[in-house]
Structure formats: structure tokens, C-alpha cells
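Enquirer: make a model of this:
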Amino acid sequence: GLRTRVVGKTRCNLHSSRSHVIFVLHVEQSSAGDEKLGKLTLVDLAGSEKVSKSDCAGETFEEAKKINWSLSALGKVIDALAEQRPHVPYRDSQLTRVLQE
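Expert: Purely as a prediction, here's the structure:
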């Protein structure tokens, strides 16, 4: 995980996580013709920072916008699921598309 982790320096945090990490564990158990499947998904979300406080610019600013967008999209998906709405906006970000299952 640390090899692919992306961090950046901002005014608020010297080691600000600039990427989400998703770890999926699939488990299968078979015995006497009976098969059980399981799936565990662990997600480490990049931190959200207020652009005005973090004083980020350039590439870091663009990363902050994308991080905030994906976290907002995740919040909308969670709200839609909690309220049992007929439409859940999974397609609003790559993060929510991956977590759609």
C-alpha cells in the first residue's frame, strides 16, 4: 500500500494523503459440495481540505478539487442508500463506481 500511496504537502498537513486506497478481500470456503463466498472491502479515503486554508495551488489544487468531488459523490450515494431512493448516483465518481457492488 505504501508504494502506491500519494502524499502532498499543504499548509495544513505536511503529509496530506492525495489518493484513496481500496483493498478487497475475497474469501471462499468449500466443503462437501457446500460453497460459501465472502467479500470484505476496506477503504482508506484521502483527506478533504479547505482550499482556502491549505493554501494549495497548481497540481495540489487540482488534486484537492478531485478529492473533494469524490468525497461529495460518496456522501450523495450514502444519503441515497440510507433514504432508499430509487436512483443512487454511483456514476458521479470513479470511487463510487468501484464501490457500487
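
Enquirer: contacts, neighbours, all on C-alpha from now
Expert: Fine.

Enquirer: give me the low-pLDDT residue ranges for this structure?
Expert: Using pLDDT under 70 as the threshold, the predicted model of the chain has low-confidence ranges 1-18, 48-56.

Enquirer: thought residue 41 was touching residue 27?
Expert: No: taking contact to mean Cα atoms under 8 Å, the distance of 11.4 Å between residue 41 and residue 27 leaves them out of contact.

Enquirer: hey, where'd the strands end up in this structure?
Expert: In order along the chain, the chain carries the following strands (DSSP state E): 7-8, 16-17, 21-31, 34-44.

Enquirer: could you point out the longest helix of the protein?
Expert: Of all the segments of type helix in the chain, defined by DSSP state H, the longest one is helix 59-82.

Enquirer: can I get it in CSV? Just the C-alpha atoms.
Expert: Taking Å, rounded to 0.1, in the frame of the first residue of the first chain, the C-alpha atoms of helix 59-82 are listed here in CSV:
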residue,chain,number,x,y,z
GLU,A,59,-1.4,20.4,-9.2
THR,A,60,-2.2,20.2,-5.5
PHE,A,61,-5.2,22.4,-6.1
GLU,A,62,-6.5,20.2,-8.9
GLU,A,63,-6.0,17.1,-6.6
ALA,A,64,-7.9,18.8,-3.8
LYS,A,65,-10.8,19.5,-6.2
LYS,A,66,-10.9,15.9,-7.3
ILE,A,67,-10.7,14.6,-3.8
ASN,A,68,-13.5,16.9,-2.6
TRP,A,69,-15.6,15.9,-5.6
SER,A,70,-15.3,12.2,-5.0
LEU,A,71,-16.0,12.5,-1.2
SER,A,72,-19.0,14.6,-2.0
ALA,A,73,-20.2,12.0,-4.5
LEU,A,74,-19.7,9.3,-1.9
GLY,A,75,-21.8,11.3,0.6
LYS,A,76,-24.6,11.5,-2.0
VAL,A,77,-24.5,7.8,-2.6
ILE,A,78,-24.7,7.1,1.1
ASP,A,79,-27.6,9.5,1.5
ALA,A,80,-29.5,7.9,-1.4
LEU,A,81,-29.0,4.4,0.0
ALA,A,82,-30.0,5.5,3.5
